[in-house]
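> Make a model of this:
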Amino acid sequence: METLWARLNLISPAARGMSSPHRKECLDYQMNDSNFCKMIRMKRTLCRKFKQAMNGITESEKAFDRLDEAAPANLKTEWLASERIAQSNRVNDPAAMDVYEINIKKAPSKKEIELRLLDEGNAHNAAPSRRSVATWISMGLAIEEAQIALLIEVRRIGRQATETQRLDIAQQRDRLQGQIDGFTRSALTHLGEGFDADDDPDDLNIDILDDLDMTRRISPRLLIHGQTPPSSP
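From the prediction side, this is the model:
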């Protein structure tokens with residue numbers, strides 16, 4: 001219905017100044033013309049959609065076969081039983097069709113993860129190097145976000161920047177560099193005395209991040225060296 005009503009927007013300026021009977025007659029004419037055009041063009045549209053559907057059958061079958069092979073056999077048996085029950089009870093109990101609804105667990109937020117890590121790090125039996133590690137990781141993520149925001153701001157301003165804008169960018173860079181220096185100095189507490197900022201971060205064996213399952217949420221190269229993440233092409 002939204003697409004049909006959108007066609008009436010073309011005549012809305014002209015119909016705004018009409019009287020009620022004239023406006024009703026104009027709208028009826030436009031809607032009847034739209035229905036007539038839809039009827040005479042239906043054959044061409046259906047033929048085009050049928051060809052698209054036939055071309056997509058092969059790809060859909062391949063995708064379904066891959067999904068079917070990845071699903072465990074016991075789950076497929078359970079799903080088939082649930083489907084038969086839902087189909088047999090849907091007339092008397094429409095709620096039986098709720099089994100077809102998608103049930104996806106919501107991923108924990110950044111704050112929830114940080115709270116969990118803080119609770120684990122502040123435990124009585126936690127090692128000293130693991131205490132406040134969640135805050136340190138959160139600081140690194142905040143620095144990386146600040147780098148991206150600063151890069152976007154510099155690209156937005158461009159080369160034709162005023163003195164006020166250049167001063168503001170320089171101050172942000174200075175504050176960001178201070179945060180990066182402080183983050184690197186605090187790395188000695190969590191990574192040990194053998195840590196060297198000049199080493200290749202990819203070769204570092206960071207047990208803390210492995211234990212907390214955070215290796216996929218932080219980029220050591222960007223955070224340790226203070227590099228700006230590469231922009232997407």
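> I'd like the average pLDDT over stretch 176-191.
Averaged over stretch 176-191, pLDDT sits at 82.
> can you tell me the helix or strand for the residue of the chain most remote from its centre?
Note on the chain: the largest C-alpha distance from the chain mean falls to Pro21, namely 50.1 Å (C-alpha atoms, centre = their mean). Assigned by DSSP states H and E, Pro21 falls within helix 20-40.
> Low-confidence stretches in this structure?
Applying pLDDT under 70 to the chain flags the ranges 1-4, 121-131, 192-233.
> measure the spatially most central residue of it to Arg84 for me?
Nearest to the mean C-alpha position of the chain, counting by C-alpha atoms, centre = their mean, stands Ala107 at 11.4 Å. As judged by C-beta to C-beta, to the nearest Å, Ala107 and Arg84 stand 32 Å apart. In short, each C-beta sits where N, CA and C put it, glycine included.
> What segments of this structure are helices?
Counting by DSSP state H, one finds helices in the chain at the ranges 2-6, 12-16, 20-40, 42-70, 73-89, 110-121, 133-157, 163-191, 207-212, 220-225.
> Could you check the angle the fifth one makes with helix 42-70?
Just to be clear, that refers to helix 73-89. 140 degrees (axes from the mean of the first three to the mean of the last three C-alpha atoms, to 10 degrees).
> mind listing what's buried in helix 73-89?
By neighbour count on 16 or more other C-beta atoms under 10 Å, the buried set for helix 73-89 is Ala86.
> Could you measure from the residue nearest to Ala146 when sequence neighbours are not counted over to Arg159?
Nearest residue to Ala146, sequence neighbours excluded (C-beta to C-beta, 6 or more residues apart in numbering): Leu176, at 5.6 Å. Using C-beta to C-beta, Leu176 is found at 21 Å from Arg159.
> Would you mind telling me which of these two has more residues around it?
Counted by other C-beta atoms under 10 Å, Leu176 and Arg159 do not tie: Leu176 has more neighbours, with 17 against 4.
> Contacts only, for the more buried one.
Ile143, Ala146, Gln147, Leu150, Gly226 (C-beta atoms under 8 Å, 6 or more residues apart in numbering).
> From these, pick the one nearest Thr184.
Using C-beta to C-beta, Gly226 comes nearest to Thr184 of the contacts of Leu176, at 7.7 Å.
> Looking at the helices of the chain, spot the one closest to Val99.
helix 73-89 (4.9 Å).
> next one: that closest one to chain centre, how far?
Between the centre of helix 73-89 and the centre of its chain there are 32 Å (C-alpha atoms, centre = their mean, to the nearest Å).
> got the contacts of Leu176 as CSV, with neighbour count and distance to Glu59 columns?
Formatted as CSV, those follow (neighbours: other C-beta atoms under 10 Å; distance: C-beta to C-beta, whole Å):
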residue, neighbour count, distance to Glu59
Ile143, 17, 44
Ala146, 15, 43
Gln147, 20, 41
Leu150, 16, 43
Gly226, 18, 45
